[in-house]
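Asks: Next come a sequence and a model predicted from it.
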Amino acid sequence: MSTLAIIPARGGSKGVSRKNLRPLAGKPLIAHSIMDAKEAKLVNSVYVSTDDPEIAEISRLYGAEVIDRPAELAGDTASSESALLHVLTELEKTGISPELVIFLQCTSPIRTGADIDQAIEQLILENADSLLSVCPSHKFLWEQVNGLAQSINYDYRQRPRRQDMLPQFVENGSLYIFKPWVLKSLGNRLGGQISLFSMSEEASWDIDSMVDFEIAEFLLSKVEKFYYP
């Protein structure tokens with residue numbers, strides 16, 4: 001099955017300046033996602049979509065192809081879906097039409113190539129059209145409605161034991177897989193029959209602040225990752 005990985009990476013970022021290029025464990029943040037994709041045995045090619053020349057240079061250095069993203073698709077309000085669709089449209093002009101697309105977010109550096117391969121295998125085995133990575137959760141959720149607090153996923157008057165709660169999952173943003181028709185027809189990375197790929201809480205770590213970088217440094221020191229030299 002022809003599969004390609006797409007890694008959107010804007011030059012601008014709100015939480016941490018130049019986040020995608022900031023060093024993490026001795027490599028730019030974006031390099032971790034590129035190397036994860038290249039490590040995966042079931043991924044045929046890796047593309048980075050960016051509006052930033054420095055990100056483009058680093059991406060090529062680590063072995064990715066680069067698709068130049070137009071400025072109108074790189075602003076704060078631009079969706080990831082628009083960048084993904086742009087990449088597929090540009091590739092189709094060169095005769096490239098993948099059967100599966102792997103969407104990787106730069107801010108999830110703890111995943112591995114093995115995670116990507118296992119997710120692809122799960123989607124194929126379940127005959128799903130799209131897949132998202134998740135983390136199991138036993139958290140008690142609340143919300144406020146018209147100023148009143150109310151529990152969401154449990155009845156606080158009959159508090160269950162955490163281990164007795166029905167399985168629930170949090171979307172961790174690490175990876176998404178979809179058949180191209182899903183994005184083209186629905187304008188969404190998810191659609192059709194959707195599969196949930198469970199990852200550990202550690203592997204689900206997402207970077208949005210400098211503290212997140214420090215924690216990710218620690219986690220990477222504990223996770224065995226096999227990268228190409």
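Replies: It's in. Numbering: from 1, shown residues only.
Asks: in the longest strand belonging to the chain, what's buried?
Replies: Ranked by residue count, the top strand of the chain under DSSP state E comes out as strand 168-178. For strand 168-178, the neighbour count (16 or more other CB atoms under 10 Å) marks 172-178 as buried. (Each C-beta comes from the backbone N, C-alpha and C, glycine too.)
Asks: which other helices and strands contact that strand?
Replies: strand 100-104, helix 113-125, strand 130-137, strand 194-198 (3 or more CB pairs under 8 Å, 6 or more residues apart in numbering; DSSP states H and E).
Asks: Moving C-terminal from the third one, which element do we reach first?
Replies: To tie it back to what came earlier, the one meant is strand 130-137. strand 142-145 (DSSP states H and E).
Asks: Pairing partners for that following strand, with directions?
Replies: Within its sheet, strand 142-145 is paired with strand 148-151 (antiparallel), according to DSSP bridges.
Asks: so what secondary structure elements neighbour whichever helix or strand comes after the longest strand of the chain?
Replies: Using DSSP H and E, the helix or strand that follows strand 168-178 in sequence is helix 180-186. If you count contacts as 3+ CB pairs under 8 Å, 6+ apart, helix 180-186 packs onto helix 80-92.
Asks: how about the helices and strands packed on strand 168-178, which one is nearest residue 18?
Replies: strand 100-104 (19.0 Å; CB to CB).
Asks: Adjacent strands (with direction) for that closest one?
Replies: In the sheet, strand 100-104 lines up with strand 3-8 (parallel), strand 168-178 (antiparallel) (DSSP bridges).
Asks: low pLDDT regions in the chain?
Replies: Residues of the chain that meet the criterion pLDDT under 70 lie in 224-229.
Asks: Need the outlier residue of it, farthest from its centre.
Replies: Going by CA atoms, centre = their mean, the residue of the chain most distant from its centre is residue 157, 37.3 Å out.
Asks: returning to what we had before: do you know which of the helices and strands packed on strand 168-178 lies nearest residue 168?
Replies: strand 130-137 (5.1 Å).
Asks: Can you list the buried residues in that closest one?
Replies: Applying 16+ other CB under 10 Å to strand 130-137 flags 130-135, 137 as buried.
Asks: With stretch 10-26 instead?
Replies: For stretch 10-26, a neighbour-count test (16+ other CB under 10 Å) marks 10-11, 13, 16, 19-21, 24-25 as buried.
Asks: coming back round to it: now the strands paired with strand 100-104 in JSON lines, with distance to residue 93?
Replies: Below are those laid out as JSON lines (distance: least, CB to CB, whole Å):
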{"stretch": "strand 3-8", "distance to residue 93": "15"}
{"stretch": "strand 168-178", "distance to residue 93": "20"}
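Asks: Understood, closing this out.
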